[in-house]
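Student: return a 3D structure for these sequence lines:
(chains A, B, C and D)
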2 protein chains.
Amino acid sequence: MPKSSDQQVDTSGRKRRTTSYDVAQLAGVSQSAVSRVFQQGASASEAMRDRVLAAADQLGYRPNAIARGLITQRSNMVAVVIGKQTNLFYPEVLVQLTQHLSERDIRVLLFTISHERDAADVLEQMLRYRVDGVIMAAMIGDAQLTTFQNAGIPLVLYNRAFPERQVNSVRCNQTEGERWLTSSLVAAGHRRFAIISGPEDSPVSNERIDSALQRLRDLGVHDVPMVRGDYSYASGCDATEVLLTDHPDIDAIIAANDAMAIGCIDVARDRFARRVPEDLSVVGFDGIGPARFGAYNLTTVRQPVGRMTEAVVDMLFQRIEAPDLSPEQRVFSGEFIAGGSARIDTTT
Amino acid sequence: MPKSSDQQVDTSGRKRRTTSYDVAQLAGVSQSAVSRVFQQGASASEAMRDRVLAAADQLGYRPNAIARGLITQRSNMVAVVIGKQTNLFYPEVLVQLTQHLSERDIRVLLFTISHERDAADVLEQMLRYRVDGVIMAAMIGDAQLTTFQNAGIPLVLYNRAFPERQVNSVRCNQTEGERWLTSSLVAAGHRRFAIISGPEDSPVSNERIDSALQRLRDLGVHDVPMVRGDYSYASGCDATEVLLTDHPDIDAIIAANDAMAIGCIDVARDRFARRVPEDLSVVGFDGIGPARFGAYNLTTVRQPVGRMTEAVVDMLFQRIEAPDLSPEQRVFSGEFIAGGSARIDTTT
DNA sequence: CCCCCGATTGCATCCGCAGTCAATATTGCC
DNA sequence: GGCAATATTGACTGCGGATGCAATCGGGGG
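Tutor: Just a heads-up that it's a prediction; the model follows:
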């Protein structure tokens, strides 16, 4: 704890933050010495360390990370980019990422992309701040990816993938998850399916939906009605309204995420008097907190968020240390949650 | 869009990022000129601007915000600090803060405090990175506050207040909200109340609970049993289990936040066969997304998050521009949401 | 007690860019 | 067309700290 103010007043009367020179002067040593005391593997004698630390403490000195970044070419900051959607899921991810990075002494510079057109701006800012790496949990275009690669900035995608490009990524095996959900529903006797998808341009949604549809086809189920949502609870409600009005005989609804599945259950119960799961089975995907609420007890697939965030940070850190490591993809299996919002048969 | 790589290879064969000197050389002008072209109110002729931008584009040049920060003494970064708890509420806040700051061309450096002991570390890092200001949405000790004030870094508290210190803050009027909830419940005939509080050391919880208790006393209701939770859904469930077991005749439960209120409703319905709100009224506080889920339709008070985040950013920005502005407190009234989880009478 | 080697320490310079000051280039005005 | 005023431009310095290199300090072996 600094024992006094950490500012000084120069001749002009304006405040000036204390620098390593100030500390050096007070301690009667060189600026280099101060610098070395505040570094990792620097060589400094015990006596030197004590004197410098005492002086630093007295002045309330703190190394300027900005200046250090300039000279070392390492900002020790990583950009984390999130989209605006899927409000209930990413927060958890964000906190975990921040903590894991913090353990490695890396700070998080947070960016959000709400509209596609923001992407270029955000990218520009990240580059200007010379972040050491990027964790991307939002949509990104092909051109932007190229920019990263040209700039030589390590990048790890979270739950995104570019099949056509070599990129580091960590994601959940959505195909597997949807296959399990779908197979279990069919095995339990459902035949009249419907789907609530996510936004058209969401690769996550497309992969989930395609996997489910593919599996349904393989199991002999065709002509599956589909309504588009935007991942929100409200859109799940709206979609269900449409589906159950147009196709009253539906007996299973596959939603592209949990939030919409929850909306679906509410509308099915309250407005269409369906019992869930007796009359209608509903499944989601993600394993968000509210999926476990007693009123829903959703049948879903939970992403192993903890392991995934750890993997992201691991991979990114490796690339920061060794930029030439070849790209890697890590795919985690989701955890099947039987829940109680669907009649399923998992014995097969 | 840069037309080529933005890196060069120097004689040692290592990559080097392009600097304003590189651009200056290619454009045949001075480095100062390049610098001015990339600034706000700098004076540069049209011709100069064109030449420089062309050269910059060709080299993929981007100003180094780190270096700029070093010389201007403005990092254009603001620290945002969040706690680990209240998972469902802060995400929204965080995204909005980031966007508002981004509009003012300020970046967010994100920190999380999970344990009290992290606080000092986090503080140290913020100071090292020379953030221009701090938005604090987590607990903070008296000593840390002093450190900020000594360092002369503008600080705005979000939903916290130090009655004893002069600090900028933006918060929701919790007393008013709880008074409304409590009065409406009593007016509707409830007499046997119980309370589910938040963590002992949460000022937010204490203010809410104290306000409710005070109001109850004023209205002649005494001996209100209370169980402590931790703001989580699960803790709301547990607390309700205890309360309804020990006091089966309770007819109204006031929870310190929505998440616990939701857990309370689930347990009351599923494990104690209470109808909500016929047998038992439950109210929360915050107005989180799930409070609007059909299964709960929570009676609660919604924080005007949008206006509050805007106010925080406004206040902070003002202090960054004019550090000597005197402290200010902005208190927003919450929005009363009648919902359907409680029998209330609001006619009084 | 002297010499050699490794651990410390200080000096000087650089990281990339903004802003000051003086030198030019332009423009307006009579 | 000449002169003052204004707009541009370039050389140079410094923001705060890290680091290569040379100088200095200590200590063990002979």
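
Student: contacts only, for the nearest residue in space to A:F38 that is not next to it in sequence.
Tutor: With sequence-adjacent residues excluded and distances taken as C-beta to C-beta, 6 or more residues apart in numbering or on different chains, A:F38 is closest to A:P63, at 4.9 Å. No exception for glycine: its C-beta is placed from N, CA and C like everyone else's. Going by C-beta atoms under 8 Å, 6 or more residues apart in numbering or on different chains, A:P63 touches A:S20, A:F38, B:R128.

Student: return the distance of the nearest residue to the first one once chain neighbours are set aside relative to DNA strand C.
Tutor: Going back to what we said before, that points to A:S20. Nearest residue to A:S20 in three dimensions, chain neighbours excluded: A:V34, at 4.2 Å (C-beta to C-beta, 6+ apart). A:V34 sits 8 Å away from DNA strand C, going by C-beta to the nearest atom of the strand, to the nearest Å.

Student: and A:V34, what pLDDT?
Tutor: A:V34 carries a pLDDT value of 91.

Student: mind checking the SS state of it?
Tutor: Taken by DSSP: H, G, I helix; E, B strand; the rest coil, the conformation at A:V34 corresponds to helix.

Student: and A:Q39, by the same measure?
Tutor: Relying on three-state DSSP, one would call A:Q39 coil.

Student: residue contacts, it?
Tutor: Counted by C-beta under 8 Å, 6+ apart, A:Q39 has zero contacts.

Student: would you map the strands across the stretch 201-348 of chain A?
Tutor: In the stretch 201-348 of chain A, the segments counted as strands under DSSP state E, counting those that start in this stretch are A:226-228, A:252-255, A:281-283, A:300-302, A:329-332, A:335-337.

Student: surely A:Y90 meets A:Y158?
Tutor: No - checked against C-beta atoms under 8 Å, the pair A:Y90 and A:Y158 is beyond contact range at 9.1 Å.

Student: quick one: low-confidence ranges for chain A?
Tutor: A:1-16, A:85-89, A:348 (pLDDT under 70).

Student: can you do 50?
Tutor: A:1-14 (pLDDT under 50).

Student: can you show me the helices along it?
Tutor: Here chain A has its helices, by DSSP state H, at A:20-27, A:31-37, A:46-59, A:65-72, A:90-103, A:118-128, A:142-151, A:174-187, A:203-218, A:233-246, A:258-270, A:305-321.

Student: who touches the last one?
Tutor: Same thing as helix A:305-321. Taking contacts as C-beta under 8 Å, 6+ apart, the residues outside helix A:305-321 that touch it are A:78, A:92-93, A:96-97, A:100-101, A:104, A:106, A:132-135, A:154, A:156, A:158-159, A:168, A:170-172, A:287, A:325, A:328, A:330, A:332.

Student: out of those, which end up buried?
Tutor: A:78, A:92-93, A:96-97, A:100-101, A:106, A:132-135, A:154, A:156, A:158-159, A:168, A:170-172, A:287, A:332 (16 or more other C-beta atoms under 10 Å in any protein chain shown).

Student: restrict the residues you listed to contacts with chain B.
Tutor: Checked against chain B using C-beta under 8 Å from any C-beta of the partner chain, those give the following subset in range: A:E92.

Student: I'd like to know how far A:A67 sits from B:P225.
Tutor: Distance check for A:A67 against B:P225: by C-beta to C-beta, to the nearest Å, it reads 57 Å.

Student: what residues does chain A put near DNA strand D?
Tutor: Contact residues, chain A versus DNA strand D (C-beta under 7 Å from any atom of the strand): A:16-17, A:19-21, A:31-32, A:35-36, A:38-39, A:61-64, A:67-68, A:70-72.

Student: so which of the contacts of A:P63 is the closest to B:L280?
Tutor: Using C-beta to C-beta, B:R128 is the member of those that sits closest to B:L280, with 51.8 Å.

Student: what about the closest residue in space to the closest one that isn't next to it in sequence, neighbour count?
Tutor: Excluding its sequence neighbours, the residue lying closest to B:R128 (C-beta to C-beta, 6+ apart) is A:A65, at 4.2 Å. Counted by other C-beta atoms under 10 Å in any protein chain shown, the residues lying close to A:A65 total 22.

Student: please apply the same query to A:T245.
Tutor: Here the number of neighbours of A:T245 (other C-beta under 10 Å) works out to 10.

Student: could you find the closest non-adjacent residue to A:T182?
Tutor: Excluding the flanking residues, the one nearest A:T182 by C-beta to C-beta, 6+ apart is A:R215, at 4.2 Å.

Student: which residues touch the one you found?
Tutor: Going by C-beta under 8 Å, 6+ apart, A:R215 touches A:E178, A:R179, A:T182, A:S183.
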